[in-house]
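Peer 1: Mind looking at a prediction? Sequence and model below.
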Amino acid sequence: MSPNRILWLVVKLVAALWMAAAGYVIFFIAPDESTMHAIQRIFYIHVSSAWTAGVGFFCVAVAGVLYLIKREPRYDWAGIAAAETSLAFTTVVLVTGPIWAKPIWGIWWTWDPRLTSTFVTWLMYVAYLLIRTLVDDKQRRAVLCAVYGIFAFVDVPLVFMTIRWWRGQHPSPVLAGAQPGSGLDPTMKGVLFFTWGATLVLFAVLMRARFRLEAIRGETEELRQQVEDLPGAPASSRPLVGSHG
Amino acid sequence: MAAQTQTVREQSVTSVEAAPSLWPGLWAIFVKEVRTELRTRELLVTTAVFALTVVFMFSFSFDPASEESRHIGPGLLWIAFLFAGTLMLEPAFLREQSNDTLAALRLAPIAPSAILLGKTLANFLFLSITEALLIPVFVVFYNVSVVSVIPGLALVCLLGTLGIVIPGTLFSAVTAHARMREMLLPLLLLPVLTPILIAATEATASLLSDPPEWPSMGLKLLAGADIIFLTAAYFLFDSLLEE
């Protein structure tokens, strides 16, 4: 076993243990919230997933910039790995949010700036993943993904700002006191950061697995190309090439 | 005298080689796009008819009386512009594909960003023409009065249209090679254009309200979005056409 693999095995183990510990801490150490009680405990997973997804989308943009500068496939692989993993975390945010909102606000969903911009972000990165399946040419796909990843990351704050301004004109009553963010108990804060650490390590493990999958795919494609380019290769194994494009 | 002219010519040739200048190339691409369009006019006609159909169909979704129109009208109008825009942006690069003329454009001694900026400018003109045709129809159909707010409305349209065509042209350059590209471009573009849709709709709504209000915040947001989009697009343009 190479030292690299041992390292990642350790990281995986840490991720599993840390997530389990976070579960314990959330349910047994975090204090009971005075008005929301048990349902408030979903907050730790919800917020730490959201922060982790934010970090992930930043990684997508950085990978995009690096790809456009260096044109090495590994930055493209890093971009897709970060995008897909962050999308999974955003989905966790979008699922845990309504579970909390139904008993607390009385409704599953409200068009609050935070919710709306999270949903638009989710849509953008779903579109990003669609690019992967719809563009065949490797280089073009990588360029389009890099460009879109950067553009989407720049756009997200803009989306948030406009929605806040727009909804600010029509305030919705559910907002007041909805987030327990302002006066967070020190133990609760500790639990939140502990859970965030766990989700970050989990993110790293998942992203690395996705990156390796993409790397192996790239390698397979290259090997297949080499086999097809061999002089004795049967014509039938060659892919049918269209006129252009 | 002759020698002097010679030197001047040499100098200008060197400067062109050193850095392909942006403006002449941009203008040449813009003129080419407009000339191509004027020969067939198919893009403008199709888009205008499409936008007209959207505005017409919307009348069935609510009671198109004056009070209701003021509430829903601005959103309707901008949804129609957005749809028309995404539809119209598709052929911007597809046209180049059928005869592989993009390769020729790339060989021309102009900056790559000039190609995209020229096309952006042409798309801006086409979409503005569509809007100029559509707004009078909208006024007649939905019984709203815009005469007193024409300058404000023109400014909102100018900034909003820029916000649509800058990312639109950028993405249409890269989706031209995708499968299902007719579906992919709107999927990529519409979520990114959320800020434009909101700001333009709200700005139009305050202009059409009774009495009209000057939408300074909406205009600021639109201008800010345009600047951010243009900056991002300008830096990304060059890398798009390299292959």
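Peer 2: On my side now, so go ahead.

Peer 1: Once you drop chain neighbours, what's closest to residue A:111?
Peer 2: Once flanking residues are discounted, residue A:111 sits nearest to residue A:167: 6.9 Å by C-beta to C-beta, 6 or more residues apart in numbering or on different chains. Every C-beta, even on glycine, is put in place using the N, C-alpha and C of the backbone.

Peer 1: ok, that neighbour - how many residues close by?
Peer 2: If you count neighbours by other C-beta atoms under 10 Å in any protein chain shown, residue A:167 ends up with 18.

Peer 1: residues of the helix or strand that it is a member of that come out buried?
Peer 2: Element membership for residue A:167, per DSSP states H and E: helix A:138-168. For helix A:138-168, the neighbour count (16 or more other C-beta atoms under 10 Å in any protein chain shown) marks A:140-153, A:155-156, A:158-163, A:165-167 as buried.

Peer 1: Would you mind listing where chain B has pLDDT under the threshold?
Peer 2: Across chain B, the ranges flagged by pLDDT under 70 are B:1-20, B:66, B:242-243.

Peer 1: Chain A contacts on that one?
Peer 2: Residues of chain B lying near chain A by C-beta under 8 Å from any C-beta of the partner chain: B:97, B:100, B:167, B:170-171, B:174-181, B:184, B:187-188, B:191-192, B:194-195, B:198-199, B:202, B:217, B:221, B:224-225, B:228, B:232, B:236, B:239-240, B:243.

Peer 1: and these, which of them are in helices?
Peer 2: B:97, B:167, B:170-171, B:174-175, B:181, B:184, B:187-188, B:191-192, B:194-195, B:198-199, B:202, B:217, B:221, B:224-225, B:228, B:232, B:236, B:239-240 (DSSP state H).

Peer 1: Of those residues, keep whichever come out buried.
Peer 2: Applying 16+ other C-beta under 10 Å to those flags B:167, B:170-171, B:174-175, B:181, B:184, B:187-188, B:191-192, B:194-195, B:198-199, B:202, B:217, B:221, B:224-225, B:228, B:232, B:236, B:239-240 as buried.

Peer 1: quick one: the helices in chain B?
Peer 2: Ranges of helices within chain B are B:2-18, B:22-40, B:42-58, B:66-89, B:91-98, B:101-107, B:112-142, B:150-175, B:181-192, B:194-208, B:216-240, based on DSSP H.

Peer 1: and of these, who's closest to residue A:83?
Peer 2: Counting by C-beta to C-beta, residue A:83 lies closest to helix B:181-192 out of the helices of chain B; the figure is 13.4 Å.

Peer 1: Tell me which residues touch the residue lying closest to residue A:164 once chain neighbours are set aside, please.
Peer 2: Once flanking residues are discounted, residue A:164 sits nearest to residue A:113: 4.2 Å by C-beta to C-beta, 6+ apart. When contacts are counted by C-beta atoms under 8 Å, 6 or more residues apart in numbering or on different chains, residue A:113 touches A:160, A:163-164, A:167.

Peer 1: From chain A, how far off is the closest residue to residue B:165 other than its chain neighbours?
Peer 2: Of all residues not flanking residue B:165 in the chain, residue B:123 sits nearest, at 4.3 Å (C-beta to C-beta, 6+ apart). Look at residue B:123 and chain A: by C-beta to the nearest C-beta, to the nearest Å, they are 17 Å apart.

Peer 1: and what of residue B:109?
Peer 2: Counting by C-beta to the nearest C-beta - residue B:109 and chain A are separated by 23 Å.

Peer 1: Kindly tell me how buried that residue is, as a neighbour count.
Peer 2: Residues near residue B:109, counting by other C-beta under 10 Å, number 10.

Peer 1: cool, residue B:23 as well?
Peer 2: Neighbour count for residue B:23, taken as other C-beta under 10 Å: 12.

Peer 1: distance of it from residue A:27?
Peer 2: Separation of residue B:23 from residue A:27 (C-beta to C-beta, to the nearest Å) stands at 65 Å.

Peer 1: where's the residue most central in space within chain A, which helix or strand?
Peer 2: The centre of chain A sits closest to residue A:86, judged by C-alpha atoms, centre = their mean, with a distance of 0.4 Å. Taking DSSP H and E as the definition, residue A:86 sits inside helix A:73-105.

Peer 1: Remind me what that helix packs against, helices and strands.
Peer 2: Under the contact criterion of 3 or more C-beta pairs under 8 Å, 6 or more residues apart in numbering or on different chains; DSSP states H and E, helix A:73-105 touches helix A:42-70, helix A:113-134, helix A:138-168, helix A:186-229.

Peer 1: how about the helix or strand hosting residue A:23: buried residues?
Peer 2: In this structure, residue A:23 sits in helix A:3-24 according to DSSP H and E. Using 16+ other C-beta under 10 Å as the test for burial, helix A:3-24 gives A:8, A:12, A:14-15, A:18-19, A:22.

Peer 1: can you put these in a markdown table and add distance to chain B and pLDDT?
Peer 2: Converted to a markdown table, these look like this (distance: C-beta to the nearest C-beta, whole Å; pLDDT from 0 to 100):
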| residue | distance to chain B | pLDDT |
| --- | --- | --- |
| A:8 | 32 | 90 |
| A:12 | 34 | 93 |
| A:14 | 36 | 94 |
| A:15 | 31 | 94 |
| A:18 | 34 | 94 |
| A:19 | 31 | 94 |
| A:22 | 32 | 93 |
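
Peer 1: Which members of those residues define the maximum pairwise distance?
Peer 2: Farthest apart among the buried residues of helix A:3-24 by C-beta to C-beta are A:8 and A:22. That separation is 20.4 Å.

Peer 1: quick one: residue B:208 and chain A, what's the gap?
Peer 2: Distance of residue B:208 to chain A, computed by C-beta to the nearest C-beta: 15 Å.

Peer 1: swap in residue B:142?
Peer 2: Between residue B:142 and chain A the distance is 22 Å, computed by C-beta to the nearest C-beta.

Peer 1: Which secondary structure elements does the helix holding residue A:167 sit against?
Peer 2: When contacts are defined as 3+ C-beta pairs under 8 Å, 6+ apart, helix A:138-168 packs onto helix A:42-70, helix A:73-105, helix A:113-134, helix B:150-175, helix B:181-192, helix B:194-208, helix B:216-240.

Peer 1: now for those, which one comes closest to residue A:190?
Peer 2: Closest among the helices and strands packed on helix A:138-168, using C-beta to C-beta: helix A:42-70, at 10.4 Å.

Peer 1: starting at the chain centroid, how far to the closest one?
Peer 2: A distance of 6 Å separates the centroid of the chain from that of helix A:42-70, by C-alpha atoms, centre = their mean, to the nearest Å.

Peer 1: Buried residues in it, which are they?
Peer 2: Buried residues in helix A:42-70 (16+ other C-beta under 10 Å): A:42-54, A:56-57, A:59-68.

Peer 1: Serialize the helices of chain B to CSV and add fields for distance to residue A:218.
Peer 2: Below are those laid out as CSV (distance: least, C-beta to C-beta, whole Å):
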stretch, distance to residue A:218
helix B:2-18, 38
helix B:22-40, 36
helix B:42-58, 39
helix B:66-89, 31
helix B:91-98, 27
helix B:101-107, 27
helix B:112-142, 27
helix B:150-175, 20
helix B:181-192, 22
helix B:194-208, 34
helix B:216-240, 20
